[in-house]
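J.: predicted model follows, preceded by the sequence.
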Amino acid sequence: MAQARKRSTSDVESVVRTGRFDVAALQEIAGDKTFARGSAYQADGRVEVMTIDDTRVIARVAGTEIYHCKLTGRGKSFSGDCTCQAFVDWGFCKHLTAVALTVNDMEPGALNQASNRLGKIRDHLRTKGIDRLVEMVVDLAGRDPKLLEEFELSATLDTADDATVIAQFKKAITDATRVRGTIEYRDMRDWARRIDSVLDRISVLREGGKALLVLELLEHFFARMDEALTKVDDSDGGGGACYARACEIHLAACEQSKPEPIELARALFKREVSSDWEFFFGASETYAEVLGTAGLGEYRRLATEAWQKVKSRQRRRTEVPPGGEYALRAMMERFAERDNDVDAIIAIRANDLSSAYRYLEVAQACLDNGRAQEALKWAEEGLWKFEDEPDKGLVLFACDLLQHSGRNEDANALLWKLFGKEPSVDLYQRLKSAAGDRKAQIRVRDDAIAILSARAEKSGSQAEWDVFGAPDVLVRVLMAEGLLADAWAAVDKHGCREMAIEELAKASEVNLPAEASKAYAKLVERKVRMGGQGNYDAAYAMIKRMRRLDGATQHSAYLADLMTRHKAKRNFIKLLTSKQTT
């Protein structure tokens, strides 16, 4: 024990001399804003270091509530975990920053006290008899339902028969996956952690040689999760990650227990085509070694039988739900790929030609297998059939093949037709690239500008957030050609998205500084009126650019007027004064 304490003291002295966490690396991983907020938390004394050793730091940070933080590593190489929502959403947070800065500033005495904290507890507990320790642990478990459940599962593993283990674990799965009403995004992390805890135990069960029990338990788990995921906001993917982890355990348990392949194939097939989720998508490949020849044969038989009913449109809902058609189609393609049967792959994709995109899939299969002319035939048929609702991907695919075949005029005709329906800067650049010499490129430019101007005239004044409007594309094309004065004229006449106006202002700073400054001023005004820290930050960034365009005197007058008119926007005024814009 003396040696252990001596090493701990040496570690503490090393931390004091060098600083445990490199501040530059900390600032880089946190970002300037998070670093500043973490520094403020550290300065306010909101951090309580619970324990520290050579590999980790555990602390509590007082924010809107008490957050629990863990930092591992040192110097420039470290990572962390925090119970706050910001950590879930964005990663390294102000609480972790505050902990790192607090540790860096701790005096040797405080570091010694923190590093010895758990050691003292261990020394104290060793003086108690085992009966007394058992009573203490049981008392704690009685006050903590999660801890009690952990101990119950551990005890079950050690002493119970299989039936009792199944019953106990199914109850734990049911409790962990239970959803009362709905679970909002902010509560998902705790829900997923409870599920992960149960999966930890199931994994231990598999490692203990109970793979067959694990398979039975996971069937219950999958059924519960299939329903639960319809009632939660899993935007961050935590629930899906739990499901995927359970699939990994399921595969490992199958590899360990070698279940009867025919029955396994039937179970996997049913789950792949019937589930609303795609966690078992491609199961015939994932489980190929476990299924073996017999299992894969049964899988293929089931897929082929269901596919024949889909082809004839006589399927029954109980066999292949509407959502299972995609999985079934992909399944049949995988079996055809195993046979290297190109004709079968094309036939499978050609079974559904209800959209231009379906034609593109067939054509792509032909091209992937060296059948360029056949691919072009399918592409042109799709373009003809869906002439009034062209698919951009199919058009571009066909154009590539036409150009490769020397049919440049046909390719350009398709591009111009698409440009007339769905104008974009990318399409313009493609038309210009295909034009050849400079004179031809100028004709493309003039024709494109004429088309876009006519469309902008018909559409009238564009809404602020009109994403696909012709005026927006017109301005961007003019920018790409360096016709900045014409671009500003188009903005004045037709309107444009805020993002494009800001890009045009940046492009105009050298040659048209007055236009750029005027545009920045309008954008700043709009953002300040909208309010919110994000808008204030964006406005400040544009004000900094205006400073280089206007000159000191003019800019000072502008700032004085802006601050007078928006003096009620206290956060904005604070930002301006703290950054010393003038």
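T.: Looks like it came in fine. Fair warning: this is a prediction, and the values are worked out from it, not measured in the lab.
J.: distance of Glu216 relative to Gln373?
T.: In this view, Glu216 and Gln373 are 54 Å apart by C-beta to C-beta, to the nearest Å. (Glycine included, C-beta is placed from N, CA and C.)
J.: so between those two, which is more surrounded?
T.: Each of Glu216 and Gln373 has its neighbours counted (other C-beta atoms under 10 Å); Glu216 has more, 16 against 10.
J.: who touches that one in this structure?
T.: Contact analysis of Glu216 by C-beta atoms under 8 Å, 6 or more residues apart in numbering lists Ile166.
J.: same check, this time on Ala283
T.: Residues in contact with Ala283, defined by C-beta under 8 Å, 6+ apart, are 268-269, 271-272.
J.: now, which of these lie within strands?
T.: The members of those all map outside strands under DSSP state E.
J.: of those residues, select the buried ones using a ChimeraX command.
T.: The following ChimeraX line selects those of those that are buried, judged by 16 or more other C-beta atoms under 10 Å:
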select :268,269,271,272
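J.: could the contacts of Ala283 be laid out in CSV, adding distance to Ile29?
T.: Converted to CSV, the contacts of Ala283 look like this (distance: C-beta to C-beta, whole Å):
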residue, distance to Ile29
Leu268, 42
Phe269, 46
Arg271, 41
Glu272, 41
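J.: of all the contacts of Ala283, which two lie farthest apart?
T.: Pairwise distances among the contacts of Ala283 were taken by C-beta to C-beta; the largest, 7.4 Å, belongs to Phe269 and Arg271.
J.: residue nearest the centroid of the chain?
T.: Note on the chain: the residue nearest the mean C-alpha position is Asp236, at 6.9 Å, using C-alpha atoms, centre = their mean.
J.: what are the boundaries of the strands in the stretch 1-150 of the chain?
T.: Here the stretch 1-150 of the chain has its strands, by DSSP state E, counting those that start in this stretch, at 47-52, 56-62, 66-74, 77-82.
J.: so which elements touch the third one?
T.: Contact here means 3 or more C-beta pairs under 8 Å, 6 or more residues apart in numbering; DSSP states H and E; on that basis strand 66-74 packs against strand 56-62, strand 77-82, helix 94-105.
J.: worst average pLDDT in those?
T.: Lowest mean pLDDT of the helices and strands packed on strand 66-74: strand 77-82, a mean of 88.
J.: next one: that one to chain centre, how far?
T.: 20 Å (C-alpha atoms, centre = their mean, to the nearest Å).
J.: got the CA positions of it in CSV?
T.: Output in CSV follows, covering the C-alpha atoms of strand 77-82 (Å, rounded to 0.1, in the frame of the first residue of the first chain):
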residue,chain,number,x,y,z
SER,A,77,-4.3,12.4,-26.3
PHE,A,78,-7.4,12.3,-24.2
SER,A,79,-11.2,11.6,-24.5
GLY,A,80,-14.2,12.1,-22.3
ASP,A,81,-17.8,11.3,-21.5
CYS,A,82,-20.4,13.5,-19.9
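J.: low-confidence ranges, the stretch 401-550 of the chain, go.
T.: Counting by pLDDT under 70, the stretch 401-550 of the chain has low-confidence residues at 459-468.
J.: now distance to Ala541 and mean neighbour count too, for the strands of the stretch 1-150 of the chain, in TSV please.
T.: Output for the strands of the stretch 1-150 of the chain, formatted as TSV (distance: least, C-beta to C-beta, whole Å; neighbours: other C-beta atoms under 10 Å):
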stretch	distance to Ala541	mean neighbour count
strand 47-52	32	19
strand 56-62	30	20
strand 66-74	31	18
strand 77-82	29	17
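J.: kindly reformat the ones you listed as CSV containing distance to Glu498.
T.: Supplementary listing: these in CSV, determined by distance: least, C-beta to C-beta, whole Å:
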stretch, distance to Glu498
strand 47-52, 41
strand 56-62, 38
strand 66-74, 37
strand 77-82, 35
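J.: for the closest residue to Ala86 other than its chain neighbours, give its distance to Asp32.
T.: Of all residues not flanking Ala86 in the chain, Cys93 sits nearest, at 4.4 Å (C-beta to C-beta, 6 or more residues apart in numbering). Noted for Cys93: a distance of 14 Å to Asp32, by C-beta to C-beta.
J.: ok, Ile337 to Glu289 distance?
T.: Ile isn't right for residue 337; it's Glu. As defined by C-beta to C-beta, Glu337 lies at a distance of 17 Å from Glu289.
J.: for whichever strand or helix holds Ala454, name the packing helices and strands.
T.: Using DSSP states H and E, Ala454 sits in helix 438-459. Secondary-structure packing of helix 438-459 (3+ C-beta pairs under 8 Å, 6+ apart): helix 408-421, helix 425-435, helix 470-480, helix 484-494.
J.: got the CA positions of it in PDB?
T.: What follows is helix 438-459, C-alpha atoms only, in PDB (Å, rounded to 0.1, in the frame of the first residue of the first chain):
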ATOM      1  CA  ARG A 438     -14.700  29.200 -76.600                       C
ATOM      2  CA  LYS A 439     -17.300  30.500 -79.000                       C
ATOM      3  CA  ALA A 440     -19.600  27.500 -78.400                       C
ATOM      4  CA  GLN A 441     -19.200  28.000 -74.600                       C
ATOM      5  CA  ILE A 442     -20.200  31.700 -75.000                       C
ATOM      6  CA  ARG A 443     -23.300  30.600 -76.900                       C
ATOM      7  CA  VAL A 444     -24.100  28.100 -74.000                       C
ATOM      8  CA  ARG A 445     -23.700  30.900 -71.500                       C
ATOM      9  CA  ASP A 446     -25.900  33.300 -73.400                       C
ATOM     10  CA  ASP A 447     -28.600  30.700 -74.000                       C
ATOM     11  CA  ALA A 448     -28.600  29.600 -70.400                       C
ATOM     12  CA  ILE A 449     -28.800  33.200 -69.100                       C
ATOM     13  CA  ALA A 450     -31.700  33.800 -71.500                       C
ATOM     14  CA  ILE A 451     -33.600  30.700 -70.300                       C
ATOM     15  CA  LEU A 452     -33.000  31.600 -66.600                       C
ATOM     16  CA  SER A 453     -34.000  35.200 -67.100                       C
ATOM     17  CA  ALA A 454     -37.200  34.200 -68.900                       C
ATOM     18  CA  ARG A 455     -38.100  31.800 -66.100                       C
ATOM     19  CA  ALA A 456     -37.300  34.400 -63.400                       C
ATOM     20  CA  GLU A 457     -39.600  36.900 -65.200                       C
ATOM     21  CA  LYS A 458     -42.400  34.400 -65.100                       C
ATOM     22  CA  SER A 459     -41.900  33.400 -61.500                       C
END
